[in-house]
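In: The amino acid sequence is not available; the structure is as follows:
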């Protein structure tokens with residue numbers, strides 16, 4: 001990628017209160033925790049972030065590990081787990097990741113793959129994950145199913161979160177979105193306003209995401225050694241259709 005992926009202090013600090021409020025993420029959390037529960041052997045969460053899935057899985061007894069490119073997100077995660085469990089966490093680029101370990105299951109949840117903007121990035125990521133999987137192991141990841149009607153409508157400074165990040169401390173997040181249809185890119189800008197001991201503060205963060213269509217994904221997987229077992233349309237294991245909001249891929253080695 002030209003601009004290496006990172007999160008700034010505002011994103012990592014307020015990630016949990018913002019995303020804990022999003023309903024569909026709860027379905028995704030339950031889906032991945034169930035897949036982890038049904039897996040024997042080591043598990044890797046690729047794009048582990050602040051540990052929204054990792055922490056409850058670890059508490060439930062899973063032999064789970066995590067990798068993420070963002071140092072700030074991993075600092076948040078490490079605050080949530082015992083220091084003697086920090087060895088389970090790596091700061092590394094997924095396109096170059098090699099832990100020296102193998103895993104029965106790798107999950108790449110909540111849109112991580114959208115950050116792989118170029119085909120080269122996408123293939124490098126998939127191939128790296130393939131190399132750390134046990135024989136017969138699985139990779140499960142999700143991307144959203146693009147809504148054609150939304151791809152032609154830009155959004156500017158829409159309030160998408162209005163709440164508290166700590167008791168009595170207000171937080172707002174605004175989002176601006178515009179689309180590059182020729183390159184299948186989404187340009188996102190987040191603006192955070194929050195109360196810091198009675199002082200109003202603000203910060204912004206911008207990133208670019210790539211969106212994917214179903215047969216584009218199938219062709220991409222076909223360029224790797226993975227077997228594409230299934231594409232689901234929801235976290236309830238529904239068949240993929242034109243009305244599906246999600247594309248959940250199950251790949252096997």
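Out: Okay, I see it. For clarity, every value in this text was computed on a predicted model and none was experimentally measured.
In: quick one: what helix or strand has the closest residue in space to residue 225 that isn't next to it in sequence in it?
Out: Once flanking residues are discounted, residue 225 sits nearest to residue 130: 5.7 Å by CB to CB, 6 or more residues apart in numbering. Placement of C-beta: from N, CA and C, glycine included. Per DSSP states H and E, residue 130 falls inside helix 119-131.
In: and that helix, which residues are buried?
Out: 121-126, 128-130 (16 or more other CB atoms under 10 Å).
In: got it, and stretch 229-246?
Out: Neighbour-count burial for stretch 229-246 [16+ other CB under 10 Å]: 231-235, 240, 244, 246.
In: what sits against the spatially closest residue to residue 253 that is not a sequence neighbour?
Out: In this structure, residue 253 finds its nearest non-sequential neighbour in residue 133, 4.5 Å apart by CB to CB, 6+ apart. Shown in contact with residue 133 (CB atoms under 8 Å, 6 or more residues apart in numbering): 102-104, 106, 139, 253.
In: Save the residues you listed as TSV, and put in secondary structure, pLDDT and neighbour count too.
Out: Listed next are the contacts of residue 133 as TSV, based on DSSP: H, G, I helix; E, B strand; the rest coil; pLDDT from 0 to 100; neighbours: other CB atoms under 10 Å:
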residue	secondary structure	pLDDT	neighbour count
102	coil	97	16
103	strand	98	24
104	strand	98	17
106	strand	98	26
139	strand	98	25
253	coil	98	19
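In: tell me which of the buried residues of helix 119-131 is nearest to residue 46?
Out: residue 129 (6.5 Å; CB to CB).
In: ok, the residue nearest to residue 225 touching residue 224?
Out: Yes: the criterion here is CB atoms under 8 Å, and residue 130 meets it with residue 224 at 6.2 Å.
In: quick one: contacts for the residue nearest to residue 225?
Out: 139, 224-226, 253.
In: Between which two of those is the distance greatest?
Out: Within the contacts of residue 130, two members stand farthest from each other by CB to CB: 139 and 225, at 11.3 Å.
In: which residue ranges form the strands in the stretch 101-250 of the chain?
Out: Ranges of strands within the stretch 101-250 of the chain are 103-108, 133-144, 155-166, 169-180, 185-196, 199-210, 227-232, 246-252, based on DSSP state E, counting those that start in this stretch.
In: Could you list the buried residues of the last one?
Out: For strand 246-252, a neighbour-count test (16+ other CB under 10 Å) marks 246-251 as buried.
In: What's the mean pLDDT across it?
Out: Averaging pLDDT along strand 246-252 gives 98.
In: what's that strand in contact with?
Out: Contact with strand 246-252 is made by 31, 126, 136-145, 212, 214, 217, 221, 226-235, 240, as judged by CB under 8 Å, 6+ apart.
In: how many neighbours does the nearest residue to residue 152 once chain neighbours are set aside have?
Out: Nearest residue to residue 152, sequence neighbours excluded (CB to CB, 6+ apart): residue 179, at 7.2 Å. Residue 179: 18 surrounding residues under other CB atoms under 10 Å.
In: Check residue 27 too.
Out: For residue 27, the tally of surrounding residues (other CB under 10 Å) stands at 13.
In: Not counting residues beside it along the chain, what's closest to it?
Out: residue 235 (4.2 Å).
In: Quickly note the distance from that neighbour to residue 73.
Out: Residue 235 sits 23 Å away from residue 73, going by CB to CB, to the nearest Å.
In: rewinding a little: quick one: which two of the contacts of residue 133 are the most distant?
Out: 102 and 139 (12.6 Å).
In: and the direction of the helix or strand encompassing residue 32 versus that of strand 133-144, what angle?
Out: For residue 32, the enclosing helix or strand under DSSP H and E is helix 23-37. Counting by axes from the mean of the first three to the mean of the last three CA atoms, to 10 degrees, helix 23-37 lies at 170 degrees to strand 133-144.
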